[in-house]
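Colleague: sequence first, predicted model second:
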Amino acid sequence: MRNFVDKPNKRSSHTGCVPNIGGIVVFLAFLCSFLIFVRFNVQNEFQYVVLGAILIFLVGIYDDLLEISPRKKVKGEMLGVLALIIGGGFYLSNLHGFLGFDVISPWVGVPLTFIGLVGLINAINLIDGIDGLCSGVALMDCMFFGFCFYYFGSIEYTLMCGVLSASIVPFFFVNLFGKRSKMFMGDSGALMVGFLLGVMAIKFCEVDVAVRGTFSVGAAPGVVFSALAIPILDTLRLFVARSLRGASPFSPDRRHFHHKLLIIYDGVHRKATFTILILNLGFILFGLCGRNWPNEVLVVADIVLFSLMFYIVDFISKRKLARQNAR
């Protein structure tokens with residue numbers, strides 16, 4: 001029993017035990033506000049969004065308490081995602097020309113949605129390694145999606161983004177700037193936030209189909225990929241690297257992008273967090289600038305930019321470690 005206290009492990013960047021009940025606060029604030037402001041009816045999927053969020057939040061709480069295996073945790077995430085897809089009929093139906101595909105059948109859209117949501121849930125969870133990073137990236141992406149939904153006229157999804165943003169803001173400042181009152185989001189918060197960001201990402205690709213004008217978006221999947229590029233690409237990089245070493249993709253280590261930055265900044269979390277948030281903003285703006293490029297061009301450009309960025313950071317961190325070991 002962990003009693004809602006996070007203890008240092010191979011992945012941790014902190015020393016000592018820190019409360020990890022932040023996710024409970026974020027979830028309750030989101031749920032109460034969402035139930036007040038959003039209308040539920042048989043014509044929308046919001047009741048299943050809430051159901052999926054609750055199921056995934058419970059999986060996170062269970063893991064925070066008992067530290068379950070990654071396989072069991074992923075099975076719980078799958079249950080929450082399936083509740084949304086099957087119950088709400090929520091899945092990707094248009095690829096906007098990506099790889100030559102536009103409208104796709106449910107036989108393709110459902111598996112893509114399932115894999116995409118489960119993958120993003122874990123990607124967001126895995127960047128929750130230093131103060132304010134997970135909440136900061138989530139807050140920035142929520143605000144971006146909220147702005148887009150407002151422009152597209154999707155008011156209920158704009159409210160969902162606004163409610164989640166308002167729920168995250170207090171935690172972000174406490175987590176990043178708090179001293180005696182510091183706490184972590186825990187799996188209960190990170191998994192739930194990742195699920196909701198995934199819902200926003202899928203919906204973004206759906207609602208913009210009929211939208212054209214000053215802020216037209218022709219490459220919706222590419223724009224979504226840009227907005228979520230850092231957690232997605234860092235997670236894919238880690239999974240591939242761990243598999244090549246013969247380790248489990250979920251095995252803890254200190255090879256994350258934020259761990260490299262901690263080496264450069266002598267363990268100062270704020271500097272590492274703000275560096276990644278600035279880079280995340282850069283990817284979002286890059287996606288907006290290329291919103292009418294071919295999807296493939298935008299996605300490949302994101303991969304190249306991230307690879308170059310990681311190579312530079314990795315090179316600097318290794319040189320710094322070498323100098324420290326030589327002393």
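Modeller: Cool, the structure landed. All figures in this text were calculated on a predicted structure; none of them were measured in a lab. Numbers count the residues shown, from 1 in each chain.

Colleague: from here on, contacts and neighbour counts on C-alpha atoms
Modeller: Noted.

Colleague: helices along the stretch 51-200 of the chain, start to end?
Modeller: 70-82, 88, 106-126, 133-152, 155-177, 186-207 (DSSP state H, counting those that start in this stretch).

Colleague: run through who's touching the second one.
Modeller: Which is helix 88. With contact meaning Cα atoms under 8 Å, 6 or more residues apart in numbering, helix 88 is reached by 44-49.

Colleague: quick check on those residues: which are buried?
Modeller: 45-49 (16 or more other Cα atoms under 10 Å).

Colleague: tell me which of those fall in helices.
Modeller: 46-49 (DSSP state H).

Colleague: quick one on the thing from earlier: and which of the buried ones among the contacts of helix 88 is nearest to residue 302?
Modeller: residue 49 (29.1 Å; Cα to Cα).

Colleague: check contacts around the closest one.
Modeller: Neighbouring residues of residue 49 by Cα under 8 Å, 6+ apart: 84, 88, 196, 199.

Colleague: could you find the closest non-adjacent residue to the spatially most central residue of the chain?
Modeller: By Cα atoms, centre = their mean, the mean C-alpha position of the chain lies nearest to residue 124, the distance being 3.4 Å. Using Cα to Cα, 6 or more residues apart in numbering and skipping the chain neighbours, the partner closest in space to residue 124 is residue 194 (5.3 Å).

Colleague: now do the contacts for the one you found.
Modeller: Contacts of residue 194 (Cα under 8 Å, 6+ apart): 120-125, 138.

Colleague: most neighbours among those, which one is it?
Modeller: Within the contacts of residue 194, neighbour counts (other Cα atoms under 10 Å) peak at residue 124, which reaches 28 neighbours.

Colleague: for the stretch 1-150 of the chain, which spans come out with low pLDDT?
Modeller: 1-20, 42-43 (pLDDT under 70).

Colleague: cool, and the stretch 151-300 of the chain?
Modeller: Ranges of the stretch 151-300 of the chain meeting pLDDT under 70: 179-183, 208-215.

Colleague: try 90
Modeller: Residues of the stretch 151-300 of the chain that meet the criterion pLDDT under 90 lie in 151-156, 170-171, 173-188, 206-218, 241-255.
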